[in-house]
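K.L.:
Please find the sequence and the predicted model below.
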Amino acid sequence: MNKPVPTIGLVSLGCPKALVDSERILTQLRAEGYLFSGNYQGADVVIVNTCGFLDSAKQESLAAIGEAMAENGRVIVTGCMGNDAEVIKAAHPGVLAVTGPQQYDAVVNAVHGAIPPMHDPKFDLLPPQGLKLTPRHYAYLKISEGCNNRCSFCIIPSLRGDLVSRPAAGVLYEAERLVGAGVKELLVISQDTSAYGIDLKFAESKYRGRQVRAKFADLVRELGNLGAWIRLHYVYPYPHVDEIIPLMAEGKILPYLDIPFQHASPRVLKAMRRPANQEKVLDRLAAWRGMCPDLAVRSTFVVGFPGETEADFAFLLEWMAEAQLERVGCFKYEPVSGAKANELANPVPEEVKEERWHRFMQAQQKISANILKAKIGRKTEVLVDRVDEDTGQIVARTPWDAPEIDGNVLLAYAPNIQPGTLLRVRITGAAEYDLIAEPLKAAA
């Protein structure tokens, strides 16, 4: 009688950087012959990759661990909350093991202890790009770990350490494999993407017979030669970012920057200990749009930070009206255990946070609606994410929209259109966040 193949379940919480960690773990385990289950009952052991950035995220992680324990009973915990092993074990004493973020070997060893692999690794069991948790047509490309910034509201450096950049060749060869496997869009991520390579002193590494520096602009330029959509996330507005805007204007990379501004009031930003020269941001945005009129900027903001006054909030709204950002998210400030911001005076009452959040979102909704309305009549390329025959709808995205966080383009159903298809479309309508379009012809 054949021995059953060991089977793993996975729950992955948190940001795209954690998702990449989960993919690395899955890839290693699949190389060793493990199979994967989409439900608790079919798994011999369940890995829960946790988030520990906010207290609410920790509660979500504890709840996910509890659900896995109740449904399966054999659980290995990893990820950012793994640094709070005592808290996890106090809440769920039956977990098999707890490891911290980026501790891939420790997770795999814990799996080995719980359910040994059947045989030695056979790497031909794997696709060349490894295993992915995203749809086949897009993938996250992590270029570094950790962060050198010390923002007062953030504990990422204590969770993931200081900046550790990957050599450029390693990043580029991984990107090649992904594109070769059919990925149409690479989403470049890290904690501070524009700081890439600083820790390596921009050291060169050999890629396809030539030396490539581990430098932000150099890496982006190389990625732009791969023939895929290249989307940049978590980019701080340092002066050297100016170098990549011409690549957007040339169509080498997408005209899109995800910049975590967090606020606009100089007083609040000082309390947040944010990097980069915020006073010149509006001038820099204007210069970028002068070089690349199609540039879309997405950002996130925090309202209700300790000490934020009504004047600070009014300054933020005025700044937003001038900045005219294309895509914006907003969060109500939430204390994070271990963050320096907890020591700040004058916390903002919850009802004030709520009221400011609504005012902020209403203001941004008007900005977004006007920006999208101006796109009616334009022709653009879109990437299809979903095709739903039942609703008769195709859901796609423009170059100005990242998956999961930004808007969609809605098209009428058409046969032979699959997720991952690139289409040329004409925009025919707009709402607050989404566009309506009609296809012209398939581009790929």
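P.N.:
That came in fine, so what should we check first? Residues are numbered from 1 along each chain as shown.
K.L.:
wait, what's in contact with G197?
P.N.:
Listed by Cβ atoms under 8 Å, 6 or more residues apart in numbering, the contact set of G197 reads 165, 168, 203, 213-216, 219. Yep, even glycine has a C-beta here, placed from its N, CA and C like the rest.
K.L.:
can you check L295 too?
P.N.:
245, 248, 255-257, 288-289.
K.L.:
Look up the closest residue to it, ignoring the ones flanking it.
P.N.:
In space, L295 comes closest to P255 once its chain neighbours are excluded; the distance is 4.7 Å by Cβ to Cβ, 6 or more residues apart in numbering.
K.L.:
in the chain, which ranges drop under the pLDDT threshold?
P.N.:
Low-confidence segments of the chain, defined by pLDDT under 70: 1-3, 118-132, 276-279, 441-444.
K.L.:
which one's the longest helix in it?
P.N.:
helix 350-373 (DSSP state H).
K.L.:
Now do whatever helix or strand comes next after it: distance to the chain's middle.
P.N.:
For helix 350-373, the following helix or strand on the C-terminal side (DSSP states H and E) is strand 379-388. Strand 379-388 sits 20 Å away from the centroid of its parent chain (Cα atoms, centre = their mean, to the nearest Å).
K.L.:
packing partners for strand 379-388?
P.N.:
strand 393-397, strand 422-430 (3 or more Cβ pairs under 8 Å, 6 or more residues apart in numbering; DSSP states H and E).
K.L.:
just the angle between the first one and strand 422-430, please?
P.N.:
Read it as strand 393-397. 100 degrees (axes from the mean of the first three to the mean of the last three Cα atoms, to 10 degrees).
K.L.:
Name the surrounding residues that touch strand 393-397.
P.N.:
By Cβ under 8 Å, 6+ apart, strand 393-397 touches 382-388, 403, 406-414, 417, 423, 425, 437.
K.L.:
Report the buried members of those residues.
P.N.:
Those of the contacts of strand 393-397 that meet the buried threshold are 382-385, 387, 403, 406-411, 417, 423, 425, 437, by 16 or more other Cβ atoms under 10 Å.
K.L.:
hang on, the earlier thing: and the helices and strands packed on strand 379-388, which is most packed in?
P.N.:
strand 393-397 (a mean of 21; mean count of other Cβ atoms under 10 Å).
K.L.:
Give me the neighbour count for N39.
P.N.:
By other Cβ atoms under 10 Å, 10 other residues sit near N39.
K.L.:
where along the stretch 151-300 of the chain do the helices fall?
P.N.:
156-160, 168-180, 216-223, 245-249, 266-272, 281-291 (DSSP state H, counting those that start in this stretch).
K.L.:
so which of those comes closest to R359?
P.N.:
helix 266-272 (15.9 Å; Cβ to Cβ).
K.L.:
same for the closest one, what does it pack against?
P.N.:
So helix 266-272, by 3+ Cβ pairs under 8 Å, 6+ apart, packs with helix 310-323.
K.L.:
Need the contact partners of the helix it packs on.
P.N.:
Contacts for helix 310-323 (Cβ under 8 Å, 6+ apart): 263-265, 267-268, 281-282, 285, 297, 301, 303, 328, 356, 359-360, 363-364, 367.
K.L.:
Just confirm R221 contacts M248, I think it does.
P.N.:
No. With contact defined as Cβ atoms under 8 Å, R221 and M248 do not form a contacting pair (11.5 Å).
K.L.:
more neighbours, the two?
P.N.:
Each of R221 and M248 has its neighbours counted (other Cβ under 10 Å); M248 has more, 24 against 17.
K.L.:
contacting residues for the more buried one?
P.N.:
M248 touches 254-256, 291-292, 294-295, counting by Cβ under 8 Å, 6+ apart.
K.L.:
thinking again about what came up before, the helices of the stretch 151-300 of the chain: which one's closest to F53?
P.N.:
Nearest to F53, of the helices of the stretch 151-300 of the chain and by Cβ to Cβ, is helix 156-160 at 7.0 Å.
K.L.:
could I get that closest one in CSV with only the CA atoms?
P.N.:
Extracted C-alpha coordinates of helix 156-160, given in CSV (Å, rounded to 0.1, in the frame of the first residue of the first chain):
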residue,chain,number,x,y,z
ILE,A,156,8.9,47.1,10.8
PRO,A,157,12.6,47.5,11.5
SER,A,158,12.2,45.6,14.8
LEU,A,159,10.2,42.9,13.0
ARG,A,160,12.2,42.5,9.8
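K.L.:
Which elements pack onto it?
P.N.:
Looks like helix 156-160 contacts no helix or strand (3+ Cβ pairs under 8 Å, 6+ apart).
K.L.:
ok, for H233, nearest residue in space, not its chain neighbours?
P.N.:
Closest to H233 by Cβ to Cβ, 6+ apart is D258, at 4.1 Å.
K.L.:
thought that neighbour was touching P237?
P.N.:
No. With contacts counted by Cβ under 8 Å, D258 stays clear of P237, the gap being 11.2 Å.
K.L.:
ok, V302 to V328 distance?
P.N.:
Distance, V302 to V328, using Cβ to Cβ, to the nearest Å: 12 Å.
K.L.:
Repeat that for P93.
P.N.:
43 Å.
K.L.:
residue contacts, D84?
P.N.:
Per Cβ under 8 Å, 6+ apart, neighbours of D84: 52, 58.
K.L.:
Recalculate using a threshold of 7 Å.
P.N.:
Counting by Cβ atoms under 7 Å, 6 or more residues apart in numbering, D84 touches G52.
K.L.:
quick one: it is in a helix?
P.N.:
Yes. Assessed with DSSP: H, G, I helix; E, B strand; the rest coil, D84 lies in a helix.
K.L.:
who's the residue nearest to Q418 when sequence neighbours are not counted bridged to?
P.N.:
Closest residue in space to Q418, ignoring its immediate chain neighbours: V387 at 6.5 Å, by Cβ to Cβ, 6+ apart. Note on V387: beta-bridge partners by DSSP bridges are I394.
K.L.:
Wait, V387 touches I417, no?
P.N.:
Yes. Here V387 reaches I417: they are 5.8 Å apart, a contact under Cβ atoms under 7 Å.
K.L.:
how would you label A64: helix, strand or coil?
P.N.:
Classified using three-state DSSP, A64 is helix.
K.L.:
Thank you, goodbye.
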